[in-house]
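turn this into a model:
(2 chains)
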Number of protein chains: 2
Amino acid sequence: MSLPILKAIGIIHSPYQQPQDTPIQSSRSTAEGWVEVFPEYAEGLEGIEGFSHLILLYVWHRAPSEVCLKVKPFLADFETGLFATRFPCRPNPIGISVVRLLERQGNRLHIHGVDVLDGTPLVDIKPYVPEFDVFSPERVGWYEQVK
Amino acid sequence: MSLPILKAIGIIHSPYQQPQDTPIQSSRSTAEGWVEVFPEYAEGLEGIEGFSHLILLYVWHRAPSEVCLKVKPFLADFETGLFATRFPCRPNPIGISVVRLLERQGNRLHIHGVDVLDGTPLVDIKPYVPEFDVFSPERVGWYEQVK
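Got it, this is the predicted structure:
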């Protein structure tokens, strides 16, 4: 089955120019940034200002292109499977981050909690809705040992 | 900037054969299903059995290919922007669902809370970790009016 080619719908602007500078997760970032949605998709932003939190989907455009199926998590001294982690070296290098929407200015979104490199290609925005997105896991695998 | 072509890393098996049968969200689904990860990616599943909840990224392979920038949300009598909704008619037709992992059997994951069509192409699996994924939005836009 052939799947679509990803297309950028915008660009994420952040204070981070180098991979080693980016926070581990958006939940640990206090940085502000801007999501610039290309004009041809701006109509799709109507009503988004009503949501305080957004899910951004983007491409790790500067991650190495090779896939690593086993990785050593941050702060860990052991390896685990890639799909049990958030590492970027994935078959489909798509990252997700939840950010706070501070303000919408036309096709530009001022956000808090940005954790990606400046210039990151945006591929989707979805509203964060607790009824759909909040779960209470009993188990978080290897993460229990490092957090 | 050219972005990658999505590639299936597996297939999601569910009880749903027709779009109108699928639940609105995984959080409202009590259906069980199986995630079959292709053998070449199976090594990446090591350690995933430690997590009770997983985020699945997949392609809405049977959604209409045209993009609709304004949509009428389920149960609503008004239109809003596409990016303020979870509708599939997106520039990049990628869906995300959080499911409960019941059991791993090799490269097959038995899941609860499946809300996608049988045969849906899987493009990524990420572990659900409350520190990264749980937020407390103050505002959920139009959703306030229909929930």
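
ok, residue A:61 touching residue A:123?
No: in this structure residue A:61 lies outside contact range of residue A:123 using CB atoms under 8 Å: 10.6 Å. Every C-beta, even on glycine, is put in place using the N, C-alpha and C of the backbone.

shared neighbours of these two, anything?
Taking CB atoms under 8 Å, 6 or more residues apart in numbering or on different chains as the contact criterion, the common neighbours of residue A:61 and residue A:123 are residue B:3.

higher neighbour count, the two?
The neighbour count for residue A:61 versus residue A:123, taken as other CB atoms under 10 Å in any protein chain shown, is higher for residue A:123 (22 against 17).

distance check, the more buried one against residue A:2.
Here residue A:123 is placed at a distance of 18 Å from residue A:2 (CB to CB, to the nearest Å).

go on, residue A:80?
Residue A:80 sits at a distance of 31 Å from residue A:2 (criterion: CB to CB).

so those two - more neighbours on which side?
Neighbours around residue A:80 and residue A:2, counted as other CB under 10 Å, are more numerous at residue A:80. The numbers are 23 against 10.

name the nearest residue to the more buried one, sequence neighbours excluded.
Counting by CB to CB, 6 or more residues apart in numbering or on different chains, the nearest residue to residue A:80 once its immediate chain neighbours are dropped is residue B:47, at 3.8 Å.

packing partners of the lengthiest strand in chain A?
For chain A, the strand that runs over the most residues, judged by DSSP state E, is strand A:94-105. For strand A:94-105, the packing partners by 3 or more CB pairs under 8 Å, 6 or more residues apart in numbering or on different chains; DSSP states H and E come out as strand A:53-59, strand A:108-112, strand B:53-59, strand B:120-127.

can you say which of those is nearest to residue B:41?
For the helices and strands packed on strand A:94-105, proximity to residue B:41 was assessed by CB to CB; strand B:120-127 is nearest, at 9.3 Å.

could you check the angle strand B:53-59 makes with the closest one?
Here strand B:120-127 runs at 150 degrees with respect to strand B:53-59, directions being taken by axes from the mean of the first three to the mean of the last three CA atoms, to 10 degrees.

what lines up beside strand B:120-127 in the sheet?
Partner strands for strand B:120-127, per DSSP bridges, with pairing direction: strand B:10-13 (antiparallel), strand B:53-59 (antiparallel).

now that strand: mean pLDDT?
The average of the pLDDT scores along strand B:120-127 is 98.

can you give me the end-to-end span of stretch A:4-16?
Distance between the two ends of stretch A:4-16: 29 Å, counting by CA to CA, to the nearest Å.

please report the distance of residue A:76 from chain B.
Taken as CB to the nearest CB, to the nearest Å, the spacing of residue A:76 relative to chain B amounts to 11 Å.

so that residue makes contact with residue A:142?
Yes: when contacts are counted by CB under 8 Å, residue A:76 is listed as touching residue A:142 (6.5 Å).

okay, those two: which has more neighbours?
For the pair residue A:76 and residue A:142, the greater number of neighbours falls to residue A:142 (21 against 14), based on other CB under 10 Å.

hang on, residue A:71 packs against residue A:83?
No: because the distance of 10.0 Å does not satisfy CB under 8 Å, residue A:71 is recorded as not touching residue A:83.

okay, the two: which has more neighbours?
residue A:83 (29 against 19).

list the contacts of that one.
The contact partners of residue A:83, taken as CB under 8 Å, 6+ apart, are B:37, B:41, B:44-45, B:48, B:124-127.

point out where chain A drops to low pLDDT.
Low-confidence regions of chain A, defined here as pLDDT under 70, cover residues A:1, A:26.

can you pull out the helices in it?
Using DSSP state H, the helices found in chain A span residues A:130-133, A:143-146.

what's the neighbour count on the residue nearest to residue A:146 when sequence neighbours are not counted?
Counting by CB to CB, 6+ apart, residue A:75 is the residue found nearest to residue A:146 once chain neighbours are left out, at 4.6 Å. By other CB under 10 Å, the residues close to residue A:75 number 10.

I figured residue A:75 hits residue A:145, correct?
No: Residue A:75 sits out of contact with residue A:145 when judged by CB under 8 Å, with a separation of 9.2 Å.

so which pair among the contacts of residue A:83 is furthest apart in space?
Using CB to CB, the two most remote members of the contacts of residue A:83 are B:41 and B:127, lying 15.5 Å apart.

when those two are compared, which one has more neighbours?
Regarding residue B:41 and residue B:127, a neighbour count based on other CB under 10 Å identifies residue B:127 as having more, with 27 against 22.
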